[in-house]
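I'll drop the sequence and a predicted model, then ask my questions.
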Amino acid sequence: MKKFTKLNDFMKYGGFIEIPENQNMTLNELMLTCQVSSKSEEGIRLDFEFQQCDLTLIYKKNHYYGSLLDFKRFTRIHDRDKILKGSEINFYRNFQDYAKERKLDISTSTQTKNSVRVVLCNGLRLTFHYSKIHDDFLIWEITNRFGNKRLINLVTSQTSVLTMESMNFSLIQYLKYSGFFNLPGNETISFNDLLMKCCLNESHSGISGTILGFRFKNWLLEIFYDDHKELIGENVKFLGYHNYRSKDEIIQAAEIHFWENFKDYSEQNGLQIIETCTSEDTLIAFLHTGSNLHFDYKEEYGDYLVSVIEGDGTRFREAYRRIYHD
């Protein structure tokens, strides 16, 4: 991870997009470079990882709303000198000198035994939390505009739910055509087009490449790309297990659900189950179209419940045969 080099400019201009050289950056550009983005009915959140902090940008109706710097990772560093070297803003006792040197006027400053909250005249709000390890108030976060962070919490907690029609997608077509990109009309859809439609975009340090997520009522379509934005694969995950209280509710809510019912579903829709791999906890069904369906055994229902569907799954089958017994 790179070091965040725009801290002084962030403080001077009162935010990230407020920095003159950043004002022409488009939402698409930022979504391409961020490590995580998530979309809700309230807006879009973009997260960028840096060595000393995380930067979050919030957009409402595709327009910039505000930014936040999160320094919480400093709480895991016991060496005071390492923190001092890592960021020019570190402990509260040093911040007043920092503000004077850069002519940052402090509007208000409120201190309790656990925190210090500072508001600058340019609207930035700084929070320092008391660190017992360092016996000092350590920088926690810096925000602009959304001082109470209500919106950022809403954006994080309420992921958008898409309609399948909006993505030219249906489960039966996904199984018949062996994947999303084989569906009529989706053959040439680009990474950029999908990026702007997705509910979740991940390319952080915990994974390789990029994952684009599209959430529907009971399903999550995930599309995987490598570091060069070349397509790796895709799958559809069932989200309904935790949303419903009984087997009947799941059957009423989901088009594909339990293994016993799926055998009838496949016959009714012209799908042939050509092979199964099973274990005590897992059942994988291979279709003649090349799609695979994974079912996990649920003791409370006495049946296997669908968990993942792979549209183009033929390349995985030999590995499944080795792992599971028919």
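Good, I have the coordinates.

which residues pair with the residue nearest to residue 310 when sequence neighbours are not counted across the strands?
Leaving out its chain neighbours, the residue that sits closest to residue 310 by CB to CB, 6 or more residues apart in numbering is residue 292, at 4.4 Å. Where C-beta positions appear, they are placed from N, C-alpha and C, glycine not excepted. Applying DSSP bridges to residue 292 yields these beta-bridge partners: residue 286, residue 310.

List the contacts of residue 292.
Contact analysis of residue 292 by CB atoms under 8 Å, 6 or more residues apart in numbering lists 284, 285, 286, 309, 310, 313, 316, 317, 320.

do the same with residue 183
168, 169, 173, 174, 177.

Buried ones among the contacts of residue 292?
Burial by neighbour count, 16 or more other CB atoms under 10 Å: within the contacts of residue 292 this picks out 284, 285, 286, 309, 310, 313, 317, 320.

Helix or strand with the lowest mean pLDDT in this structure?
Ranking every helix and strand in the chain by mean pLDDT, DSSP states H and E puts helix 150-157 at the bottom, with a mean of 69.

that older thread, now, which of the contacts of residue 292 sits nearest residue 63?
residue 309 (36.5 Å; CB to CB).

wait, what's in contact with that closest one?
Taking CB under 8 Å, 6+ apart as the test, what residue 309 contacts is 171, 174, 175, 235, 236, 237, 238, 256, 291, 292, 293, 294.

Next: residue 284.
276, 277, 278, 292, 293, 294, 295, 320, 324.

quick one: which of the residues you listed is nearest residue 105?
residue 294 (59.4 Å).

which stretches of the protein aren't confidently modelled?
Along the chain, the model assigns pLDDT under 70 to residues 1, 146-151, 154, 156-157, 205, 325-326.

Tell me where it has helices.
7-13, 27-33, 80-86, 92-101, 150-157, 171-176, 191-197, 247-253, 259-268, 317-323 (DSSP state H).

just to revisit the earlier point, I'd like the buried ones among the contacts of residue 292 as JSON lines, with distance to residue 187 appended.
Below are the buried ones among the contacts of residue 292 laid out as JSON lines (distance: CB to CB, whole Å):
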{"residue": "284", "distance to residue 187": "27"}
{"residue": "285", "distance to residue 187": "26"}
{"residue": "286", "distance to residue 187": "24"}
{"residue": "309", "distance to residue 187": "20"}
{"residue": "310", "distance to residue 187": "19"}
{"residue": "313", "distance to residue 187": "19"}
{"residue": "317", "distance to residue 187": "24"}
{"residue": "320", "distance to residue 187": "27"}
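
Just give me the closest of the residues you listed to residue 33.
residue 310 (29.8 Å).

can you tell me how far that closest one sits from residue 320?
10 Å (CB to CB, to the nearest Å).

Repeat that for residue 28.
Counting by CB to CB, the gap from residue 28 to residue 320 is 38 Å.
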